[in-house]
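Colleague: fold the stuff below for me.
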Amino acid sequence: MKTLALRLPYVFLSGTLALVLLALLGARPAVAQQAQEEPSEEEKAMNYSLYYESFKNGDYQSAMPYLRWILERAPAYAGPGRLSDRNIERAIEAYEGLAAAAEDPELKRAYLDTALAWFDKAVPTLKQAGMEDVDEFQWLLEKGRFIQEHQEDLPDLQDEALALYRQAYEIDPERMQPYYIKLIIYDYIRQGDKQGAVDFMEEVEQIHGDDADLAEYIAQQRNSLFRSPEERMEFLEQQLEKDPQNVELIAELFEIYRELQYRQKMYEMGQRLSELDPSARTYQLLGQARLEDGEAEEALKLYEQALEMEGAERYRRDIYYNMGVAYQQLGRLSNARTYYRRALQEDSNFGPALIGIGDLYVTAVAECGGSKMDREDQAVYWLAADYYERARRVDPSVANQANLKLRSITPYFPDAEAKFFKKWETGQSLTINYGCYEWINETTTVR
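Modeller: Model prediction:
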C-alpha cells in the first residue's frame, strides 16, 4: 500500500497575519522551554489539564500552547499509564474550530492545512509514542471525510479524498462501508477507467456480495459503463481474448448473447462454460437457454444434471421452477405441479411458482371443459384464484401479474344459479377431484 506523503502547511503570510500565526502556533508554555529530556508525569498532567480545560470550553486559542506541548512531548498521553489518540483528534478539532472563526480566507486555509498535516502525522506519531494498535484505516477514512466536509474551503483536494478512500479500502476491504465503496466506483467511472471500474466492482461483489443495496448500485453502474449491450459485449470479448479461461467472463458473455438472441454464439460459449466449469450454475444456464428455445426435454436433462452438482442448493428453487415450466410446455400438468411445489418447499413465498400452479388449473379447465364448460369445470377457477390471490399477497413482485390473471377468470366463476343447482353454499369447502380433474385433488372454498 502506498503511504501518504506528509503534507505540511507551507503558507506564506505577511504583516499582522504572520505575527498572529507565529504567536498562536509557536508559543510554548514555560515548562516546555526548560526541559528537553523526557517530561515528568507532573509536566504531562499539568499541560494536559491546562489545554483540556480551555478546549472543552471551545477556547481553542488558549488551549493551543499547552496542546502543542502535549503533541510534541507526550502525544498519546491520556493520564498515568494510559495512551490514546484523543490529543491528535482534539488538535484537528481545534484547528477546525479556529478555521470556522477566521474571517480571513488565507488564515482559514492555514488552519485547515495544519489540521490535515496532523491527519498525516497521526499514525507514525502515535506508534512512536508507544501505541501499537493505531488504526491507520480509520485515520485515512477520517481525513477523506474532513476534506469532503470542507469542500468549499478545500476545492483543490477533493480528488485526494477519493484516493484516501481507495487506500483505506486496500487496508481493510471488509470494513469499508458501502457509501465509500460507491464513491470509489464513481471515481473510476469519472476518470474513464472502465477496466478498473469493472475489476473493482467484481472484487467488491466477492467481499460484499450480501449487501443488496450495494449489489443494485453495482448493477446500475456496470450498465452505465456501456451505452448498449453490444458495447458491453465487445468489451467482454476483448477481455476474453486476454484471459480465455476466465469463467466469469464466459458466463457473462453467455448471458449477453442470450439477451441479444445470438443463439449460435450463446451455445458455443455454453460449451466452453460446461468444459471449464461443469457446475450447478452452468447447467442451470444451459437448461434455461434450451427451455427458451422450446427444447423442454433437453432442458430437463440439463436441470437434472444441475441438481446433481455440488452447490446445487443455491439454485434449487429456480431449477425446480423451470422444470415445472418445462413439464407444462410438454403438457404434463401433474409433473409440472410436482416441481412447482418443490420450488415452494425451497421458498414458500415464491410468487412465480404459485402463479404457475394457478395456470396449470386454468389449462386443465381448457383441456377438460373445452368450449362447453359445466358447473364443475367452472368451480376449478375458484382453486386457480386461490393461488393467484396467495401469490399477490406473499410476493409483491408478481402482484400485477396475479391481478391480471384474476380479472381474466373471475367472469367464469359459477354464478348464483349454478351454486343453487349444485347446493353449494358460500364458504363451503369443495374438493376438486372429479372426472378429469381427479389428479388435482385439492380443496377450495365456494365463493
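Colleague: and the closest residue to residue 92 other than its chain neighbours, what pLDDT?
Modeller: In space, and not counting its chain neighbours, residue 92 is closest to residue 115: 4.6 Å by CB to CB, 6 or more residues apart in numbering. From N, CA and C alone the C-beta is placed, and that goes for glycine too. Residue 115 carries a pLDDT value of 96.
Colleague: phi, psi of the residue lying closest to residue 397 once chain neighbours are set aside?
Modeller: In this structure, residue 397 finds its nearest non-sequential neighbour in residue 351, 6.2 Å apart by CB to CB, 6+ apart. When read as degrees, to the nearest 10, the backbone of residue 351 gives phi -50, psi -40.
Colleague: surely residue 273 is in contact with residue 285?
Modeller: Yes - using CB atoms under 8 Å, residue 273 is in contact with residue 285, at 7.2 Å.
Colleague: got a list of what the spatially most central residue of the chain touches?
Modeller: The chain has residue 214 as the residue nearest its centroid, 1.8 Å off, counting by CA atoms, centre = their mean. By CB atoms under 8 Å, 6 or more residues apart in numbering, the contact list for residue 214 reads 178, 181-182, 204, 208.
Colleague: give me the buried entries from those.
Modeller: If you count burial by 16 or more other CB atoms under 10 Å, the buried members of the contacts of residue 214 come out as 181-182, 204, 208.
Colleague: now for those residues, which pair is the farthest apart?
Modeller: 182 and 208 (11.0 Å; CB to CB).
Colleague: inside helices: which ones of the contacts of residue 214?
Modeller: 178, 181-182, 204 (DSSP state H).
Colleague: make a markdown table from those residues and add pLDDT and distance to residue 99 to it.
Modeller: A markdown table is the format used below for the ones in helices among the contacts of residue 214 (pLDDT from 0 to 100; distance: CB to CB, whole Å):
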| residue | pLDDT | distance to residue 99 |
| --- | --- | --- |
| 178 | 94 | 30 |
| 181 | 95 | 30 |
| 182 | 94 | 28 |
| 204 | 94 | 35 |
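Colleague: can you tell me which of those residues lies nearest to residue 121?
Modeller: Distances from residue 121 to the ones in helices among the contacts of residue 214, taken by CB to CB, are shortest for residue 181, at 27.3 Å.
Colleague: ok, and the closest non-adjacent residue to that closest one?
Modeller: Using CB to CB, 6+ apart, the nearest residue to residue 181 is residue 204, at 5.7 Å.
Colleague: what's near enough to touch that neighbour?
Modeller: Per CB under 8 Å, 6+ apart, neighbours of residue 204: 173, 181, 185, 214, 218.
Colleague: distance check, it against residue 277.
Modeller: Residue 204 sits 22 Å away from residue 277, taking CB to CB, to the nearest Å as the criterion.
Colleague: same deal with residue 120?
Modeller: 46 Å.
Colleague: who has more neighbours, those two?
Modeller: residue 120 (18 against 15; other CB atoms under 10 Å).
Colleague: which helix or which strand is home to the more buried one?
Modeller: Per DSSP states H and E: residue 120 is located in helix 105-128.
Colleague: hang on, the earlier thing: burial measure for the residue nearest to residue 92, as a count.
Modeller: Around residue 115 there are 22 residues (other CB under 10 Å).
Colleague: please apply the same query to residue 358.
Modeller: Residue 358: 25 neighbours (other CB under 10 Å).
Colleague: buried sites along the helix or strand hosting it?
Modeller: Under the criterion DSSP H and E, the helix or strand holding residue 358 is helix 351-369. Across helix 351-369, burial judged by 16+ other CB under 10 Å covers 351-362, 364-365, 369.
Colleague: closest one to residue 404 out of those, please.
Modeller: residue 355 (10.3 Å).
Colleague: touching, that closest one and residue 399? I think so.
Modeller: No - using CB under 8 Å, residue 355 is not in contact with residue 399, being 10.5 Å away.
Colleague: hang on, residue 222 packs against residue 200?
Modeller: No - counting by CB under 8 Å, residue 222 stays clear of residue 200, with 10.9 Å between them.
Colleague: just the strands from this structure, written as ranges.
Modeller: 429-432, 442-445 (DSSP state E).
Colleague: quick one: closest of those to residue 161.
Modeller: The nearest among these, by CB to CB, is strand 442-445 at 61.6 Å.
Colleague: so what strands line up beside the closest one?
Modeller: strand 429-432 (antiparallel) (DSSP bridges).
Colleague: just the C-alpha atoms of the helix holding residue 358, please, in PDB.
Modeller: Once non-C-alpha atoms are left out, helix 351-369 reads as follows in PDB (Å, rounded to 0.1, in the frame of the first residue of the first chain):
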ATOM      1  CA  GLY A 351     -44.800 -16.000  -6.400                       C
ATOM      2  CA  PRO A 352     -43.900 -17.400  -9.900                       C
ATOM      3  CA  ALA A 353     -44.500 -21.000  -8.600                       C
ATOM      4  CA  LEU A 354     -47.800 -20.100  -7.100                       C
ATOM      5  CA  ILE A 355     -48.900 -18.400 -10.400                       C
ATOM      6  CA  GLY A 356     -47.600 -21.500 -12.200                       C
ATOM      7  CA  ILE A 357     -49.900 -23.800 -10.300                       C
ATOM      8  CA  GLY A 358     -52.800 -21.400 -10.900                       C
ATOM      9  CA  ASP A 359     -52.000 -21.500 -14.600                       C
ATOM     10  CA  LEU A 360     -52.000 -25.300 -14.500                       C
ATOM     11  CA  TYR A 361     -55.500 -25.400 -13.200                       C
ATOM     12  CA  VAL A 362     -56.700 -22.900 -15.800                       C
ATOM     13  CA  THR A 363     -55.100 -25.000 -18.500                       C
ATOM     14  CA  ALA A 364     -56.800 -28.100 -17.100                       C
ATOM     15  CA  VAL A 365     -60.200 -26.400 -17.500                       C
ATOM     16  CA  ALA A 366     -59.400 -25.600 -21.100                       C
ATOM     17  CA  GLU A 367     -58.500 -29.200 -21.800                       C
ATOM     18  CA  CYS A 368     -61.300 -30.800 -19.800                       C
ATOM     19  CA  GLY A 369     -64.200 -28.400 -20.300                       C
END
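Colleague: that's all I had, so thanks and see you.
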